[in-house]
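Novice: A structural model of the following input is requested.
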Amino acid sequence: MFVSRYLGGAVAALAGLVVQAQADTWDMPTPYPDATFHTVNIHQFAEDVATATDGGLEIKVHSAGSLFKHPEISKAVRSGQVPAGEFFLSLLANDNPAFGIDSMPFLATNYDEAMRLWAAQKDVIDGLLDDQGLMALYAVPWPPQGLYTTKEINSVADLAGLKFRTYNATLEEFANLAGAAPTQVEVPDIPQAFSTGRVEAMITSPSTGVNSKAWDFLTHYTDIQAWIPKNIVVVNKRAFRRLDDATQAAVLEAAAAAEQRGWEMSMAETAAQTAVLAENGITVVAPSDELMTGLRDIGAQMLDNWTAEAGDSGAALLSAYQQ
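Specialist: Coordinates of the predicted model:
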């Protein structure tokens, strides 16, 4: 009787170990706070994966740059420090210009154009990520980018000399062409950077403006709808391949749902968050014709520079989008 009970307990313990071994946990860093719609979408993605795998794969989301700072996330996934992560796609533009085409000013300024651009861009991005040992799970755009300032802006000349928040090479080029002074600032540091005078202007989405409580440190939002950049969620290929076939399928299915849901969330954010800016005292204005003419001239110059740097593959990508 004692031996039977002992063996039964041992078998149960062994079964528990097997279940534990089959379960897996992925740490997933994102640079954005939990209130940001991208992060809300990621939490739902993680929940969908857990449900579809009966808890076999748990994705633990580390938001607001708490695990890795934004510029470090792609490197952390590439090196296998974490299996998956989210970052701003054009942060990789230094690796290849194709990563940054969605941040070209006034190339794609509405969601229909942004979708066509992603369709033209995706195969190229997949190939480039594959070379880095990464695989794209899904990409979601930000709302069209607007101009935030501490004063009224009526022309590009009004930007001259302003300390301008940047977060990638594309925005740094934009700031330089506008005669502004580029300053690297990540999302969590925006309020302090403005409050201390480190920056005086930025181009970002209505979502980031609301999440940063921009009304506490600036006065004007000019709705220039400059571009519609994307965040991308990637996975380390080795980590993905270690999953069994059913779990891989569950991750891909949840990713497809997250991409569709994320685009819908982005569209809903645009008007809603712009209204929140106005409700909290920010002066929301349409851009003057003079300002838009100057900004489009900068955009055209940047696109010429991008095309020259991107070579034949970049020309093919641009041609596919413009058809």
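Novice: so A175 touches Q184, yeah?
Specialist: No - using CB atoms under 8 Å, A175 is not in contact with Q184, being 10.5 Å away. In this view, the C-beta of every residue, glycine as well, is placed from N, C-alpha and C.
Novice: comparing the two, which residue is more hemmed in?
Specialist: Using other CB atoms under 10 Å, the more surrounded residue of A175 and Q184 is A175, with 23 against 14.
Novice: for V284, helix, strand, or coil?
Specialist: Secondary structure assignment for V284 (DSSP: H, G, I helix; E, B strand; the rest coil): strand.
Novice: okay, it: pLDDT?
Specialist: Looking at V284, its pLDDT is 98.
Novice: can you name the residues bridging to it?
Specialist: As for beta bridges, V284 partners with Y221 under DSSP bridges.
Novice: OK, contacts around T274?
Specialist: T274 sits next to G146, P206, Y221, D223, V284 when contact means CB atoms under 8 Å, 6 or more residues apart in numbering.
Novice: now it: how far from P144?
Specialist: Relative to P144, T274 is positioned 10 Å away (CB to CB, to the nearest Å).
Novice: try F45
Specialist: Counting by CB to CB, the gap from F45 to P144 is 24 Å.
Novice: so these two - more neighbours on which side?
Specialist: F45 (26 against 22).
Novice: for the more buried one, pull up the helix or strand it's in.
Specialist: Using DSSP states H and E, F45 maps to helix 37-52.
Novice: buried ones in that helix?
Specialist: By 16 or more other CB atoms under 10 Å, the buried positions in helix 37-52 come out as 37-42, 44-46, 48-50, 52.
Novice: for it, give me every contacting residue.
Specialist: In contact with helix 37-52 (CB under 8 Å, 6+ apart) are residues 28, 30, 32-34, 57-61, 63, 86, 138, 140, 142, 207, 231, 233, 250-251, 253-255, 257-258, 261-262, 265-266, 269.
Novice: mind doing that once more with 6 Å?
Specialist: Residues from elsewhere that reach helix 37-52 (CB atoms under 6 Å, 6 or more residues apart in numbering): 30, 32, 57-59, 61, 63, 231, 250-251, 254, 258, 262, 265, 269.
Novice: perfect, I'm done here.
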